[in-house]
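Trainee: just coords:
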């Protein structure tokens, strides 16, 4: 993912696959429902720490991949 808009689409897709409402996901992630709505709407100023909490609540972790080599660093 390169942008918040791309992350937004992934979050919405994962949430819907897991049949969670925005409120349910917010509860799992410890954020507000309005944060989830802002995130899924592609708001460019979402807080990075909360974004990571949302991915963790969906059962995913983030890693970094070097663009030029494809090597995963973390």
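Mentor: Alright, I've got the coordinates. On a predicted model such as this, the values are computed, not experimentally measured, just so you know.
Trainee: quick check, residue 63 in contact with residue 73.
Mentor: Yes. At 7.3 Å, residue 63 and residue 73 qualify as touching, with contact defined as Cβ atoms under 8 Å. Placement of C-beta: from N, CA and C, glycine included.
Trainee: I'd like to know how far residue 59 sits from residue 26.
Mentor: 16 Å (Cβ to Cβ, to the nearest Å).
Trainee: please name every helix or strand in contact with the lengthiest helix in the chain.
Mentor: As assigned by DSSP state H, the longest helix anywhere in the chain is helix 4-17. Applying 3 or more Cβ pairs under 8 Å, 6 or more residues apart in numbering; DSSP states H and E, one finds that helix 4-17 contacts helix 33-40, helix 48-57.
Trainee: what does it contact?
Mentor: Helix 4-17 has contacts (Cβ atoms under 8 Å, 6 or more residues apart in numbering) with 1, 22, 25, 36, 39-44, 46, 51, 54-55, 58, 60.
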